[in-house]
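[1] Kindly generate the corresponding structure for this input.
(one chain, ligands or ions: 1)
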Amino acid sequence: MATEKTTAIVLRLIEFSETSLVATMFSRDFGKISGLAKGARRPKSAFEGALDLLAVVRIVFIHKSSDVLDLFTEGKLERRFRAANRDLSRLHAGYYVAELLNELTDEGDPYPELYDAADTALSAIDGDGMVAKEILRFELTALTHLGHLPTFHECAGCGEPTPIAERMTFGHLAGGVLCNRCQSGQRQVAEVSGKVIEILRTYSDLNYVGWENEEFSSGAFGEMRGLVNHYLTNLIGKRLKMHTHLRY
Ligand SMILES: [Zn+2]
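    Residues are numbered from 1 along each chain as shown. Reported below is the predicted structural model:
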């Protein structure tokens, strides 16, 4: 048992008793943590109302042995997610970031770069960022850090470079674009326009800072959303709740 401190994003809150909550957070230093926050529902507590969905919180917690819930002992609010009061699409986008973090990560597996990307995305979504672009950038950044980014430049079958063509083939199970030779016999294959792969190349290049200014046709963007949603559904093994609530 050790007392630890870290900064975390609140992903989920479940009422546990009249005064307590079970909270799931994604922390910078320890990855996902679930724990009991005793007294958090009281107006005066060691949490001072900091446990709010999508809030960034400085927390103190006692890390218990394997099968037992951790215990949150203190929380100090660093930033509240305010979009709830002004814009439903921003609120839904925030929930989607939380859902992705919750579904894509395991407890006790830290990814500081993913934490920073989520923090940045939530700030932009809660500010003036273009929601659809922020979401796509976050999805592809998360997939990169977690080692699940599909290949968009080379064939997922043979590794040969795949130039952009008018129509291209994407293998959901193969994990990327497929060249003409590698397409046959593949299951879960989608045919998409080359524009879709171009968008994905642009937004998955983490060294490219101009992504916010890239424009694309709404048709290609819609087609791209179908592809990314399908890929994530396959990867996670279930449909994400927020996919149906997002407007792009
Ligand atoms: Zn190939």
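
[2] quick one: strands adjacent to the strand ranked longest in the chain?
    If you go by DSSP state E, the chain has its longest strand at strand 2-15. Looking at strand 2-15 with DSSP bridges, its partner strands are strand 21-27 (antiparallel), strand 56-63 (antiparallel).

[3] ok, E78 - contacts?
    7, 55-58 (Cβ atoms under 8 Å, 6 or more residues apart in numbering). Where you see a C-beta, it was placed from the backbone N, CA and C, and this is true even at glycine.

[4] Please read the previous query as pertaining to R137.
    So R137 contacts 121, 203, 211 (Cβ under 8 Å, 6+ apart).

[5] That one: which element?
    R137 belongs to helix 131-146 when assigned by DSSP states H and E.

[6] The ion contacts on the chain?
    155, 157-158, 179, 182 (Cβ under 5 Å from the ion).

[7] Backbone dihedrals for T162, please?
    Backbone geometry at T162, expressed as degrees, to the nearest 10, gives phi -120, psi 100.

[8] which stretches of this protein aren't confidently modelled?
    Within the chain, the ranges that satisfy pLDDT under 70 run 248.

[9] still on that earlier bit, kindly reformat the residues of the chain next to the ion as JSON lines and extend each row with neighbour count, secondary structure and distance to L143.
    Formatted as JSON lines, the residues of the chain next to the ion follow (neighbours: other Cβ atoms under 10 Å; DSSP: H, G, I helix; E, B strand; the rest coil; distance: Cβ to Cβ, whole Å):
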{"residue": "C155", "neighbour count": "21", "secondary structure": "coil", "distance to L143": "18"}
{"residue": "G157", "neighbour count": "20", "secondary structure": "coil", "distance to L143": "19"}
{"residue": "C158", "neighbour count": "11", "secondary structure": "coil", "distance to L143": "22"}
{"residue": "C179", "neighbour count": "18", "secondary structure": "coil", "distance to L143": "22"}
{"residue": "C182", "neighbour count": "19", "secondary structure": "coil", "distance to L143": "21"}
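
[10] what about the helices in the chain?
    Using DSSP state H, the helices of the chain run over 88-104, 112-126, 131-146, 194-204, 218-236.

[11] Return the list of helices and strands in contact with the shortest one.
    Translated: helix 194-204. helix 131-146, strand 167-171, helix 218-236 (3 or more Cβ pairs under 8 Å, 6 or more residues apart in numbering; DSSP states H and E).

[12] one more time with 6 Å, if that's ok
    Packed against helix 194-204 by the contact rule (3 or more Cβ pairs under 6 Å, 6 or more residues apart in numbering; DSSP states H and E) you find helix 131-146, helix 218-236.

[13] Out of those, which is the most enclosed?
    Among the helices and strands packed on helix 194-204, ranked by average contacts under mean count of other Cβ atoms under 10 Å, first place goes to helix 131-146 (a mean of 21).

[14] quick check, distance from that helix to the centre of its chain.
    How far helix 131-146 lies from its chain's middle: 7 Å, per Cα atoms, centre = their mean, to the nearest Å.

[15] how about it as PDB, C-alpha atoms only?
    Taking C-alpha atoms only, helix 131-146 is exported to PDB below (Å, rounded to 0.1, in the frame of the first residue of the first chain):
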ATOM      1  CA  VAL A 131     -14.800  19.400 -32.700                       C
ATOM      2  CA  ALA A 132     -14.700  17.000 -35.700                       C
ATOM      3  CA  LYS A 133     -11.000  17.700 -36.300                       C
ATOM      4  CA  GLU A 134     -10.000  17.500 -32.600                       C
ATOM      5  CA  ILE A 135     -11.700  14.200 -32.300                       C
ATOM      6  CA  LEU A 136     -10.000  12.700 -35.300                       C
ATOM      7  CA  ARG A 137      -6.600  14.000 -34.200                       C
ATOM      8  CA  PHE A 138      -7.200  12.500 -30.700                       C
ATOM      9  CA  GLU A 139      -8.300   9.100 -32.100                       C
ATOM     10  CA  LEU A 140      -5.300   8.800 -34.300                       C
ATOM     11  CA  THR A 141      -2.900  10.100 -31.600                       C
ATOM     12  CA  ALA A 142      -4.400   7.600 -29.100                       C
ATOM     13  CA  LEU A 143      -4.000   4.700 -31.600                       C
ATOM     14  CA  THR A 144      -0.400   5.700 -32.300                       C
ATOM     15  CA  HIS A 145       0.600   5.700 -28.600                       C
ATOM     16  CA  LEU A 146      -1.200   2.500 -27.900                       C
END
